[in-house]
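Undergrad: Quick one, what's the 3D model for this:
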Amino acid sequence: MNQNEIPILQQPATNNPYMKAASLIRHRIFWDLHAESWRSRRRLRAMLNKFKGKKLVILCNGPSLLKVDFDLLMRSGVHTFGLNKINLLFEKTNFRPSFIAAVNHLVIEQNQEFYNQTDIPLFLESYGTKFVKSRNNVTFIKETYHPAFARDCSVSVYSGFTVTFVAMQLAYHFGFEQVALVGCDHNFVTKGHANQAVVSGETDPNHFDPRYFAGGVKWHLPDLFQSEVSYQMAKEVYEASGRRIYNCTEGGKLEIYERMSLQDFLHL
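TA: Numbering: from 1, shown residues only. Below is the predicted model:
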């Protein structure tokens, strides 16, 4: 293995709790000692509470994302967090998000060409060091399997079975006080066992772009129940700190957060 290569962290394929713990600890130590870990932590610490008291819109990837008034977002000047393959939207609008987050390994592999070219600030799971070159706009975050909400993301972040939860933690870390979700349909046409890796069809009916997972690529089926557990955790942490998360999605099936139009959120 090249001395600069970070080994892939995957959930250990064993039922032995001691072997599983040993594997996770080994990967944790390797990452903590790697130069990229220190570079990324410095960037994250510099971002702590940088946007204290401000608003943020998280752009989720459901079909309803296409109903968003992106001209309104651009005029408002509000900060925005794009997720995963948000770049597929770019040919339809001049809008560009303030940040982009991706933690799913398949997404990072499939979208690496864009991640290596963009100047938009990226927050990628440390697995991405195998595919995305280190540069000033790239920050790698370390995934943990411990189910908790990270108020400080410089050490570890729990994925919570959805990249939206990761964006919520980063938003909290950055100091944003009011966060809105758009495009969070929380509903998938494709059915199957949660977290199962499946092969896509010719087009994708589950996301805002039919090319999102299409043409026979692998992707993981959602775990909507565990996602809701994470969303509830985020709601409790935000509200305990006097902050709020709103659901500004047009339609969709997520009812954990107070509903509000995007226009009303921007004028709060």
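Undergrad: got a list of what residue 115 touches?
TA: 102, 108, 122, 124, 128, 131, 132, 138 (CB atoms under 8 Å, 6 or more residues apart in numbering). (Glycine included, C-beta is placed from N, CA and C.)
Undergrad: Could you verify my assumption that the first one touches residue 124?
TA: Yes: shown here, residue 102 and residue 124 form a contact pair, counting by CB atoms under 8 Å, at 5.5 Å.
Undergrad: quick one: common contacting residues for those two?
TA: 108, 115.
Undergrad: So these two - more neighbours on which side?
TA: residue 102 (27 against 23; other CB atoms under 10 Å).
Undergrad: In contact with residue 186, which residues?
TA: 62, 224, 227, 228, 252, 253, 254.
Undergrad: Spatially central residue in the chain, please.
TA: residue 163 (3.0 Å; CA atoms, centre = their mean).
Undergrad: returning to what we had before: name the member of the contacts of residue 186 that has the highest neighbour count.
TA: residue 62 (24 neighbours).
Undergrad: Excluding chain neighbours, what is closest to that one?
TA: Nearest residue to residue 62, sequence neighbours excluded (CB to CB, 6 or more residues apart in numbering): residue 185, at 3.0 Å.
Undergrad: give me the number of residues near the one you found?
TA: Neighbour number of residue 185 under other CB under 10 Å is 20.
Undergrad: now swap in residue 265 and tell me
TA: By the criterion of other CB under 10 Å, residue 265 has 22 neighbours.
Undergrad: just checking, it touches residue 246?
TA: Yes: using CB under 8 Å, residue 265 is in contact with residue 246, at 5.6 Å.
Undergrad: The closest residue to residue 223 other than its chain neighbours sits in which helix or strand?
TA: Closest residue to residue 223 apart from its sequence neighbours, by CB to CB, 6+ apart: residue 194 at 3.7 Å. Under the criterion of DSSP states H and E, residue 194 resides outside all helices and strands.
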